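> Quick one, what's the 3D model for this:
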Amino acid sequence: MPRKGMRSIFFSSMPSSPSHSTTSSLSLLTPSDIISESIMEQNIEIAESIITKWEVEASDYCKVASLFSEDRREAKEFVKSVKDLQAAMQFFISKNLSSDKLVRAHNLMGIAMKRLQKEFYQILSTNRNYLDPESVTSRSSGPSTARTSTSDFEDYTSEDEIQNTAGSSISDAESVSENVMSDLKLIADCMISSGYGKECMKIYKLIRKSMIDESLYYLGVEKLTSTQIHKMDWEVIDIKIKSWLDAVKIAVKTVFLGERILSDHVFSSSAGIIESSFAEIAKESALTLFAFPELVAKSKKSPEKIFRVLDLYESISDLWPEIESIFSFESTTAVRLQAINSLVKLGENVRAMLSDFETAIQKDTSKSPVTGGGIHPLTRYVMNYVVFLTDYSGILSDIVADWPLSVQSPLPESYFSSPSFDDSPTSSISVRLAWIILVLLCKLDAKAELYKDVSLSYLFLANNLNYVVSKVGTSNLRLLLGEDWLINHETKVRQYAANYERMGWSKVISSSPENPTADISPEAAKECFKRFNSAFEEVYRKQTSWVVPDPKLRDEIKVSLAKKLVPSYLAFYDKYQMMFRRDLGDDSLVRFAPDDLGNYLSDLFHGTGGSGSTSSSSHSSN
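Model (predicted):
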């Protein structure tokens, strides 16, 4: 500035008749201070012109008009004038100058803050659709033109400039959301720096809390008590669990995340206000949301409910990283603790239900043997239950990791001996499921004793163990229990089948001579045919009501029986059947041709009583 200009400013700032105090103050000022004082006075003048124009009580127009929607350029000037006004106040305070100027600036600041409070409220209340959590989260995850800081007022741009910068990368709605959030941040930065942060935060919390509460209400989140849950039927609780499972993902990943993003953005100039505002807005609703699983965990237990409880556990477990991040403040520790406590209670509930399930297997009191030695209902129920549990093997491993088996003796090594079993990351749940299956198999051994016919008891064991093996082999249980487990139990199935054959068909097999081609007397041959006919008819009549539901196992048993019966009978038949027809004329002695044996065997294990009758004679030639 030219020296003449400096002199004019210096001397024009001197009062014509200074008081003693003013003179004393001025005597302490340097020429630079006097120049600054003059600039500050000009700032007050400029600020007064724009601030008083938008004074809320100035006119009816100012009461209803919105500065930020009417003229965004003038809104920029308004905020800049507040910044200049604040600088002037700080200058006069630091120099202990002219209290009347300070009072004037203070009054203007009050007027400006009232206008900004009104603008802040209007923007929040009239742009709810552009500040809903979904819009905020989509904005944060997509292309963004948001400035890292809009407290630098010179960087504040217009809506048109933002739209031009963004191009086609964002939609109109996203563009509006950008501008609205930027306006809110601009006002918040201005009010906080001016010492009006509490007033700004009060407005924000009032409006945003109602939006959070409304969002969770429409998601179906209810504030329930333990007494209310206890009085509900399980069908009602189940519906509420389904509703909660649908709601919690949206609540965490959209509602609470969106609110945290908005709070972080609007109040980025004050970490304390971010924490305080977010905590007061979201804490209560979040506690209500994460308390529900704990209430369910405390309700009446039964093994059938375990899958819903696991759904609740899995949902919180999957969302835990987001929960921990969103509610990271010390003031929201209660929310994190509530989520953790729900996980703990749900885990305890799952353990209790698994114990109850094992106990229910052991205490099954059904005394009626299954007709025909088929699959026991307990076998179907337990295996279907266990297979469904494998869908949750990951979280079940966490739940049972430090929960040792409460048994008197260790599991037999022969029960599962896969080398990779103990090294598996899911070994804890593998051991638990293996134990449940072992409890079932032990119970089936006891139920096999209900059969009076020993061969039928072995067929029952073969059928049921085969069902267990089939379920393991065609589900995730195969990965959990290992190939060795599967091989060992497939071997046991074959052993049970072999025992059935030995006990059930030994009389028929022994009715043929050890050497069917050896020469024997006609009387001895006649007795052999009689013994075979009698033994075969007896076994056939008894076993036509027996069943082998699995087609593969059924065919394996039939083939095995045929190999034991047909070759020996065929050799004996070929040698002696014509002797009785030619010499004795007694066709009734030769009732079964070798091919007929296959036909009769094919009737077995369907539980239908057979399609043919052994009382009729068969004369099929070999």
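> which stretches of the stretch 451-600 of the chain form helices?
For the stretch 451-600 of the chain, the helices defined by DSSP state H, counting those that start in this stretch cover 454-473, 477-481, 483-510, 522-543, 551-579, 594-603.
> buried residues in the third one?
Within helix 483-510, the residues that qualify as buried are 484-486, 488-490, 492-494, 496-497, 499-501, 503-505, 508-509, counting by 16 or more other Cβ atoms under 10 Å. C-betas here are computed from N, CA, C, even on glycine.
> In terms of secondary structure, what does that helix contact?
Packing partners of helix 483-510 (3 or more Cβ pairs under 8 Å, 6 or more residues apart in numbering; DSSP states H and E): helix 454-473, helix 522-543, helix 551-579.
> Average pLDDT for that helix, rounded please.
Mean pLDDT, helix 483-510: 92.
> Poorly predicted segments of the stretch 501-622 of the chain, please.
Across the stretch 501-622 of the chain, residues meeting the criterion (pLDDT under 70) sit at 515-519, 576-591, 608-622.
> change it to 90
504-545, 558-622 (pLDDT under 90).
> Okay, now the unreliable bits of this protein?
1-116, 118-119, 125-180, 182, 193-195, 299-304, 364-368, 401-428, 504-545, 558-622.
> Map the structural domains onto the sequence of it.
205-355, 364-493, 511-603 (automatic domain parsing).
> closest to Ala47 out of the ones you listed?
Closest to Ala47 of these is domain 205-355 (Cβ to Cβ; 20.9 Å).
> end to end, how far does that closest one reach?
47 Å (Cα to Cα, to the nearest Å).
> is it true that Gly195 lies in a strand?
No. Checked against DSSP: H, G, I helix; E, B strand; the rest coil, Gly195 lies outside a strand; its state is coil.
> phi, psi of it?
phi 90, psi 20 (degrees, to the nearest 10).
> all helices for the stretch 51-200 of the chain, in order.
60-64, 67-70, 72-95, 99-126, 133-141, 159-166, 172-193, 197-218.
> so which of those is the most packed in?
Stretch with highest mean neighbour count among the helices of the stretch 51-200 of the chain: helix 172-193 (a mean of 22; mean count of other Cβ atoms under 10 Å).
> Taking helix 72-95 as reference, get the angle to it.
20 degrees (axes from the mean of the first three to the mean of the last three Cα atoms, to 10 degrees).
> which other helices and strands contact helix 172-193?
Using 3+ Cβ pairs under 8 Å, 6+ apart: helix 172-193 touches helix 72-95, helix 99-126, helix 133-141, helix 159-166, helix 197-218, helix 257-266.
> could I get those helices as a markdown table with distance to Phe592?
As requested, the helices and strands packed on helix 172-193 are exported to a markdown table (distance: least, Cβ to Cβ, whole Å):
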| stretch | distance to Phe592 |
| --- | --- |
| helix 72-95 | 103 |
| helix 99-126 | 94 |
| helix 133-141 | 79 |
| helix 159-166 | 91 |
| helix 197-218 | 77 |
| helix 257-266 | 79 |
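> I'd like to know which of those helices is closest to Leu312.
That would be helix 197-218 among those, by Cβ to Cβ, at 17.1 Å.
> after the closest one, next one along is what?
helix 226-231 (DSSP states H and E).
> Residues touching that following helix, excluding its own?
Under the contact criterion Cβ atoms under 8 Å, 6 or more residues apart in numbering, helix 226-231 has outside partners 237, 295-296, 298-300.
> returning to what we had before: okay, the domains of the chain in CSV with distance to Glu55 next?
Listed next are the domains of the chain as CSV, based on distance: least, Cβ to Cβ, whole Å:
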stretch, distance to Glu55
domain 205-355, 23
domain 364-493, 61
domain 511-603, 89
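> Among these, which comes closest to Lys83?
Closest approach to Lys83 among the domains of the chain is made by domain 205-355 (12.8 Å; Cβ to Cβ).
> Out of the contacts of helix 226-231, which end up buried?
237, 295-296, 299.
> which one of those sits closest to Asn599?
Ile237 (57.1 Å).
> what residues are up against that closest one?
Contacts of Ile237 by Cβ under 8 Å, 6+ apart are 229, 296, 299.
> export the helices of the stretch 51-200 of the chain to CSV and tack on distance to Asp398?
Formatted as CSV, these follow (distance: least, Cβ to Cβ, whole Å):
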stretch, distance to Asp398
helix 60-64, 59
helix 67-70, 51
helix 72-95, 52
helix 99-126, 42
helix 133-141, 29
helix 159-166, 44
helix 172-193, 39
helix 197-218, 28
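> looking at those, which is closest to Leu245?
helix 197-218 (14.4 Å).
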